[in-house]
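Trainee: build me a structure from this.
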Amino acid sequence: MAGPLRVERDVSVAAWLADALAWDASTATIVPPIFDAYARILHPATLETPTGETDAWGTPQYADRPLRWDEAAQLLGERMREPIEPAHAAWDARFGQSPFELPDGRRVIEPQLGDIPVATLADLATLLLDEHGDTEVLAAVWEGSGLDPRGVGFMFWAGPGEPPLTDADHRRLERERRAELEASIDPEVRAAMADRALLPLPEGTGRDHVLLRGRLESLADPAWERTAGLGWQPGGRGRTPNALWPAEPQGTPAWLVATDIDLDVTHVGGSAHLIGRVLGHPAIEAERIRPTDPLL
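Mentor: Next comes the predicted model:
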């Protein structure tokens with residue numbers, strides 16, 4: 001692989017993790033109950049503000065910025081919808097379904113699911129480096145959500161004033177777009193998936209992950225995502241680890257970071273001092289949790 005991570009085909013080095021996870025829909029389902037303290041990092045939502053401009057189709061344009069959950073609660077106020085029961089993500093459990101449109105035309109868009117945002121990961125990696133120093137890490141990335149182009153669909157529209165797209169146009173554009181996506185996935189990643197050299201997390205759930213090996217220091221620069229070979233495309237986003245931990249000592253790492261593919265939060269386990277620093281970090285919005293707490 002050309003990027004900062006390389007495929008680790010010997011998934012037995014991570015078998016301890018699958019064995020250590022619980023099966024009770026608690027924090028221990030995501031992070032094993034072997035640490036002194038735990039935190040839940042809230043993925044930023046997005047605040048969209050109208051620019052007053054429109055695109056070539058006449059669609060209003062918005063400027064966006066990350067939005068903390070505590071700020072979202074202040075913006076929504078009495079307009080907050082009833083939380084969804086049963087909820088399938090932490091944001092929905094707290095706020096209800098997005099988007100929310102504010103009286104001034106701004107919109108609140110819910111956080112992304114399944115991947116810790118690359119900027120948040122960079123902040124966390126920088127903190128981990130300061131707390132524990134650089135180390136070799138293992139990273140597990142779910143094989144779905146863009147890593148398998150066969151499961152990705154595309155839609156295309158004609159430009160303003162252009163004739164409607166024909167079926168042949170759609171087929172040609174889809175071939176081109178799919179080829180671009182396939183080129184953005186490292187051949188070693190595709191080979192690991194084809195050979196089923198994958199790590200099941202949790203065991204028996206059918207959620208298989210590509211196992212990667214690299215240095216923690218590389219993840220402190222958000223630019224790593226562009227060369228990682230994990231499906232990054234210009235104007236879009238690639239993938240970030242669904243689980244990340246020091247490769248040594250095996251079975252008793254100093255910390256572990258995990259993002260379930262269906263959740264909009266990231267769980268961290270580590271020492272009490274580390275978790276205290278995560279909770280106090282100005283760029284990270286986090287809550288203290290226990291391994292027995294429910295995921296939502």
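Trainee: which secondary structure elements does the helix or strand hosting residue 128 contact?
Mentor: Using DSSP states H and E, residue 128 falls within helix 118-132. On a contact count with 3 or more Cβ pairs under 8 Å, 6 or more residues apart in numbering; DSSP states H and E, helix 118-132 meets strand 265-270, helix 272-280. (Each C-beta comes from the backbone N, C-alpha and C, glycine too.)
Trainee: residues making contact with it?
Mentor: Contact with helix 118-132 is made by 41, 43-44, 66, 116, 216-217, 219-222, 224-225, 237-238, 240-241, 246, 254-255, 257, 266, 268, 273-274, 277-278, 281, 283-284, as judged by Cβ atoms under 8 Å, 6 or more residues apart in numbering.
Trainee: about what we covered before: which of the helices and strands packed on helix 118-132 sits most buried?
Mentor: Ranked by mean neighbour count, the helices and strands packed on helix 118-132 are led by strand 265-270 with a mean of 26 (mean count of other Cβ atoms under 10 Å).
Trainee: neighbouring strands - and their directions - for the helix or strand harbouring residue 39?
Mentor: For residue 39, the element it lies in under DSSP H and E is strand 37-42. Strand 37-42 sits in its sheet next to strand 265-270 (antiparallel), strand 286-289 (antiparallel), going by DSSP bridges.
Trainee: could you dump those into CSV and include distance to residue 120 and mean pLDDT?
Mentor: Shown next, in CSV, are the strands paired with strand 37-42 (distance: least, Cβ to Cβ, whole Å; pLDDT from 0 to 100):
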stretch, distance to residue 120, mean pLDDT
strand 265-270, 7, 98
strand 286-289, 10, 98
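Trainee: can you redo those strands as JSON lines with distance to residue 132?
Mentor: Shown next, in JSON lines, are these (distance: least, Cβ to Cβ, whole Å):
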{"stretch": "strand 265-270", "distance to residue 132": "9"}
{"stretch": "strand 286-289", "distance to residue 132": "18"}
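Trainee: quick one: the strands in the stretch 151-296 of the chain?
Mentor: 199-200, 208-215, 243-246, 256-258, 265-270, 286-289 (DSSP state E, counting those that start in this stretch).
Trainee: format these as TSV; extra columns: distance to residue 99.
Mentor: Listed next are these as TSV, based on distance: least, Cβ to Cβ, whole Å:
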stretch	distance to residue 99
strand 199-200	35
strand 208-215	31
strand 243-246	30
strand 256-258	28
strand 265-270	19
strand 286-289	24
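Trainee: deepest-packed of these, please.
Mentor: Mean neighbours per residue, mean count of other Cβ under 10 Å, is largest over the strands of the stretch 151-296 of the chain for strand 265-270, with a mean of 26.
Trainee: dump that one to CSV, keeping only the CA atoms.
Mentor: Provided in CSV are the C-alpha atoms of strand 265-270 (Å, rounded to 0.1, in the frame of the first residue of the first chain):
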residue,chain,number,x,y,z
VAL,A,265,-20.4,8.3,18.4
THR,A,266,-16.9,6.8,19.1
HIS,A,267,-16.0,5.0,22.3
VAL,A,268,-12.6,5.2,24.0
GLY,A,269,-11.2,3.0,26.7
GLY,A,270,-7.9,3.8,28.6
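Trainee: what's the angle from that strand to helix 118-132?
Mentor: If you take axes from the mean of the first three to the mean of the last three Cα atoms, to 10 degrees, strand 265-270 sits at 10 degrees to helix 118-132.
Trainee: which residues touch strand 265-270?
Mentor: 27, 30-32, 34-43, 90, 116, 120, 124, 254-260, 274-275, 278, 286, 289, 291.
Trainee: what does stretch 9-19 give?
Mentor: Contact with stretch 9-19 is made by 32, 138, 140, 192, 195, 197-203, 211, 243, 245, 247, 250-251, 256, as judged by Cβ under 8 Å, 6+ apart.
Trainee: re earlier: got the buried residues for the helix holding residue 128?
Mentor: Going by neighbour count (16 or more other Cβ atoms under 10 Å), the buried part of helix 118-132 is 118, 120-129, 132.
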